[in-house]
Structures are given as C-alpha cells and as structure tokens.
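Build me a model:
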Amino acid sequence: MTFMAQPWKHTSGIYYIRRRIPDDIKSILGRGDFYKVSLQTRVPAEAKTRFAAEWRKADQLFDTARLQLRIGVQLTAKDAVQLAARWAHRELHEMEQSGVYSSWLVTHSGGAFETLGEFYGSGHSVPTFLAASGIQSRLLSDIEQELARYNRPLVPIDSVAYRHLLEAFAAQLLRLSEAALDRSHHDHVTPLQAPPPAPLSFEAPHNKAPLLSHFFEDWKAYVLKIGNGGRDVTKRVAEYGGTVKVFIELNGDLPIDAITRTTASTFATDLLKMPTGGTGRRAMTARQLIARAETEGLPTLGRLTVKNRLMALSAVLSHAVRLGILAENAVTASGVTGELSKAAHKAGRTATRKHYTRQELKQIFSSPIFHDSWRPPRASFGEAWYWIPLLLCYTGARREEIAQLKAGEVQRNEDGVWFLDLLSTPDEDGDIDLRTLKTAGSHRKVPLHPDLIELGFLEYIDSLPKAGALFPQLEANHAGYFGHNFGKRWSAYLKTVAQLESKVRPSHGFRHSFITLCREVGVPEELRDALTGHDNGAVSRKYGERALLPQLLEQLKMLPSIARDAGLLPALVVASRTTTLE
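Numbering: from 1, shown residues only. This next block holds a predicted model:
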C-alpha cells in the first residue's frame, strides 16, 4: 500500500512541508536532512493546496541541484563576493546617473546625512551591521534579484552559501553608503571599495557547459515526464530532435553556452536554404541538401516553417536558462523569430490559395482510386483510400479526426440523422481512450451528407465490427497518429497518379475547401464553426452541445455535389446551386 504525502502539522498548529532531501544532493543544498518550509496556515484545506505548490518547488530545486552536481556548478564564497561587487558597481552607476543618494544614507532633521555604518554603530564591522534590525531583510531582495540576473536558483537561507552572500552584500552595502555620502559632498573621484572584476565559478572555462546533443537528451526526458507520454508531446519531441540533428550537422555539436545570437541567426539563414522535399534526402546531410537545392533550384522552406524549426532550439535553450546554465536564450535574444514572422506576414498579404478549386476537386475524385482502376503498390490502407478523402471533403474535418474514428462512432439520432461522433466517451470495458483532438471545440457531431450515404458509406459501416476501427488497416505511427502514414501516401498519389499540380496541402486542403464552400452558399458562421470544430467560445460550442443535427444537415445539403461533378453519382435532373470556388 502506498501513502500520499501530506502537510506536516507543527505543535504551533502551523502546517509545513517536510520532505527528506535525497542523499546525492545534500552537499549542494546544505539544508541538513529535510526540506522544510512553512505553509503559513492553520487551515487544513489551505495547507493541502499550498502543499502541492511547495512540493513542485521542491522537485524543481532537487532537479536543479542534480544538474549542478552533474556539471560541477556550485555557488562558492568567491562567487558571493563577486556577485556583491557587481551589484554594488551597478547600483553606484544608477546612483550617479540619478543624482539621488538619500536611499543609501540615513537622513536626520535639518537635512544632515549619515552613513549606514555610522548610524548603526557598526563602522566597517559586517557582523555587527548584520545583527542590526532590518538589515538582513533589506539585503534579501537584492540577493534574490542578483541571483535571478544570472539565472541561479534561490539559495536556502540556512545554507553556508547564503551566509556568504549575506556577508558579501552587507560589506558592499556599507561601502555604497560611504560612496553615497562622498557623492552628496560632490566627491565624484573617490572610487567604490570593491574587489576587481573576476569570472564567476560557473563562468570559468574549466566549468564547461554540456554539449547540445547531451543537453537535448536531458530536455527530452524532462518534457516526456511532464507530458506523461502523450502522443502530442512525443510527436513534438521527435520533431524537435530532427531540428537539433540538422543544427549539429550544420554547426557541430557545440556546448550550449557557445550558441550565440549570431549562431541562431546563421542557423535561420541556413534553414531558409533547405529544400522542402526530394527523393533520397534521408541519406543526405543538411549541407548536402542545401547544395542540392541550390544546384537543382528546388523549393525551399518558408519563413514560418523556419520560425517553427527555430522554436525547437529555443525550447532547449530556454530550459537551460531556467536551470541557470545560460544567462539568455540566444534564439529569442537574436530577434530572428520576430523578423521571420514579420516577413511571413508581409508575404501572406499575397498568400497562395489554400483551398482546392471545383475543377481540382473534380480531378481528384475522377482519379483512378475512386473508379476502382488503381491499386496501391505499397501500404494498402484498405477502404481508407476511398472514404477518407470523401469524408474530409464533405465534413471539413481534420485528417486525424477521421482516421482515428471507430465504426461505432457513425451513429443515428432520434430524428433519423446519421452523423459522425468525432470524439466518443472511453470504451465501456474501461480501456483508456488515448486519442486526441486539436481543441475542445473539436468535440462535435457532424451530419453525414446525403452524397456519402448514396455512395454506400452506411453499407461499408455495416461490414465492420461496431467496436472496431473505422479503417482497420490504418496503424498508428510511433507518435500515436493513425492518419500520418496515409497522409504521406495520399500526397504521393495526388502527384503521381491523379497528376494534380497544386500547392494546396493534400489533406488539409479539403478542410479549407469545405469552409470556402460553406461561406459561398451562405452557411452562418456559428453553424460553420459547429461543423468544423472551430472553438470561438461563442454560439458554435452550444450547437455542438445541443446537437442540433437536423439544422446542420440542412446547411450541408446546400453544398454542391462534388461526387456528381466527378461522376461518382448520376447527375440530378434539377441543376444544383452553383458556386464560385475558383
């Protein structure tokens, strides 16, 4: 039997978090055997809430300590002296710029000034000064801000390192007060008494930062743990790993502190030269791919794609900043992602068409796969070849929303309307439903267009076990997506078999076409959003919740019959409504 950790109640009635510190990091934290922090409440309910937050803080503290232990970064007494000196020099500069010295002095009636050392009777004695009331609390804020400036974790107040910091900052506060008195008397020559500048221990050359490849593995393990193995997280980690691999091929496996703003900007320039596709690319290095793109005049990555690739490197560097290994994230500090966004926005004013035209839709659904005259040479996905494109075209759904459906999620309501339930409840046998959709608004019911029923979709459903997959021959990829591999083969089919020359995205283009057709026939925006799952926080969500399927079906019937255009169904005697989807 396991027991959940609970707040610990002190004899005073105050609740605390009291957690044993792992043996491997005791030397870093210097807090004895336990991490103990007051929750500042005697109310049990409040204590439980604050306890959870403090537990997460302890986890972060322990992780940081382990990382510091692994890479040899610890706060020394010399670091404390140097941090205090840097702080004092910066405060003196601001004092001299503003001409205000009173905040560092004690002001008496009549306008007379006195240094802090004189007022507290400590002179230059740091221990005496620290013993004075209010001095330590005054220094605490400055110490915390200075540590944050160098992305160092907060030092426990009962540690030796914290005592070093207090003494060093107290000494510099006394000297700042003396400098303030000098400046108030128009003495701008006497220098501040402070140690000369020197590197901090974690800035020294012998304390090398980890290589990018090694630190990426740390980041990967952290993200997968936080994400609890979700397939969206797994997919993102895999994509980011590809970007890191390209970076290393172009720049070498650098220590992460060697990745500068210039490095980030150069990487962006190189990514803009990378080709978007091409056969045999898996066997080629990034440099070879760039050379091939330049030689053969291949299309290259767009600005927004490059920005997204840079965000992979940025995520890893941000993690290093949070852990105190780096002072800044070179990608965000360089401003290159913002420049790419602006350039893409300007280009977007004349953006390429995202939807298929009516003629392109006719060409797609007139192609061999829909007339039983072609069989895939590889990766036979069964009936998915036929039904997925049609379902995408007639519902405006996302590819994965259709690919992950189960046969039992094609249902009929009490009004006799057949519909797709694009996200059902977990299986009754208790299995966890690991499928995911893009937004909360994507949980919706979409009526089946009459064309789909006439084409025989319901007969196809009757041939399947209700508890099984709608497309049994689709298998999830390593990230858990059922439509990924089909999407790649579908893209190849459009180019090589259907002979479609279009820059529209092979699967997502149907979604844009559906939305465009809805606009042209006058489907109200809230109903259109209810059909497509666009979560605008307004009426569309209510339609999904109330399941007004008959009204949605009437809107679908207004759309043109793409299947009849392509010859999959006989033409109607009465001409259908025309549109301008060109």
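
okay, CA-based contacts and neighbour counts for the rest of this
Noted.

per-domain residue ranges of the chain.
As assigned by automatic domain parsing, the chain contains the domains 8-71, 77-184, 212-348, 358-565.

Serialize those to TSV and add fields for distance to residue 199.
Converted to TSV, these look like this (distance: least, C-alpha to C-alpha, whole Å):
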stretch	distance to residue 199
domain 8-71	17
domain 77-184	8
domain 212-348	14
domain 358-565	45
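
Nearest approach to residue 200 belongs to which of those?
Each of those has some distance to residue 200 by C-alpha to C-alpha; the shortest is domain 77-184, at 5.4 Å.

Please compute how far that closest one lies from its chain's middle.
Per C-alpha atoms, centre = their mean, to the nearest Å, the displacement of domain 77-184 from the mean C-alpha position of its chain is 40 Å.

so which helix or strand takes in the residue nearest the centre of the chain?
By C-alpha atoms, centre = their mean, the mean C-alpha position of the chain lies nearest to residue 315, the distance being 7.4 Å. Under the criterion of DSSP states H and E, residue 315 resides in helix 303-322.

Following the chain past that helix, name the next helix or strand.
Taking DSSP H and E, what comes next after helix 303-322 is helix 330-334.

how big is the angle separating the longest helix seen in the chain from helix 303-322?
Secondary structure assigned by DSSP state H gives helix 44-71 as the longest helix of the chain. Relative orientation of helix 44-71 versus helix 303-322 (axes from the mean of the first three to the mean of the last three C-alpha atoms, to 10 degrees): 90 degrees.

For helix 44-71, name the packing helices and strands.
Helices and strands touching helix 44-71, by 3 or more C-alpha pairs under 8 Å, 6 or more residues apart in numbering; DSSP states H and E, are strand 15-20, helix 26-29.

outside of stretch 232-239, which residues touch it?
220, 223-224, 227, 312, 479 (C-alpha atoms under 8 Å, 6 or more residues apart in numbering).

before we move on, what about stretch 455-475?
Residues contacting stretch 455-475 (C-alpha under 8 Å, 6+ apart): 380-384, 387, 403-408, 410, 482-483, 486, 568-569.

Filter those down to the buried ones.
381, 384, 387, 403-408, 410, 482-483, 486, 568 (16 or more other C-alpha atoms under 10 Å).

Helix or strand: which one has the nearest residue to residue 77 once chain neighbours are set aside?
Leaving out its chain neighbours, the residue that sits closest to residue 77 by C-alpha to C-alpha, 6 or more residues apart in numbering is residue 164, at 5.7 Å. Using DSSP H and E, residue 164 falls within helix 160-184.

Return the alpha-carbon coordinates of the helix or strand following that helix using PDB.
Counting by DSSP H and E, the next helix or strand C-terminal to helix 160-184 is helix 212-226. Only the C-alpha atoms of helix 212-226 are listed here, as PDB (Å, rounded to 0.1, in the frame of the first residue of the first chain):
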ATOM      1  CA  LEU A 212      23.800  20.400 -27.200                       C
ATOM      2  CA  SER A 213      23.200  16.700 -28.000                       C
ATOM      3  CA  HIS A 214      23.700  15.700 -24.300                       C
ATOM      4  CA  PHE A 215      21.500  18.600 -23.000                       C
ATOM      5  CA  PHE A 216      18.800  17.800 -25.600                       C
ATOM      6  CA  GLU A 217      18.500  14.300 -24.000                       C
ATOM      7  CA  ASP A 218      18.000  16.000 -20.600                       C
ATOM      8  CA  TRP A 219      15.300  18.300 -22.000                       C
ATOM      9  CA  LYS A 220      13.700  15.300 -23.800                       C
ATOM     10  CA  ALA A 221      13.500  13.200 -20.600                       C
ATOM     11  CA  TYR A 222      12.100  16.200 -18.700                       C
ATOM     12  CA  VAL A 223       9.400  17.000 -21.300                       C
ATOM     13  CA  LEU A 224       8.300  13.400 -21.800                       C
ATOM     14  CA  LYS A 225       8.000  13.100 -18.000                       C
ATOM     15  CA  ILE A 226       6.000  16.300 -17.600                       C
END
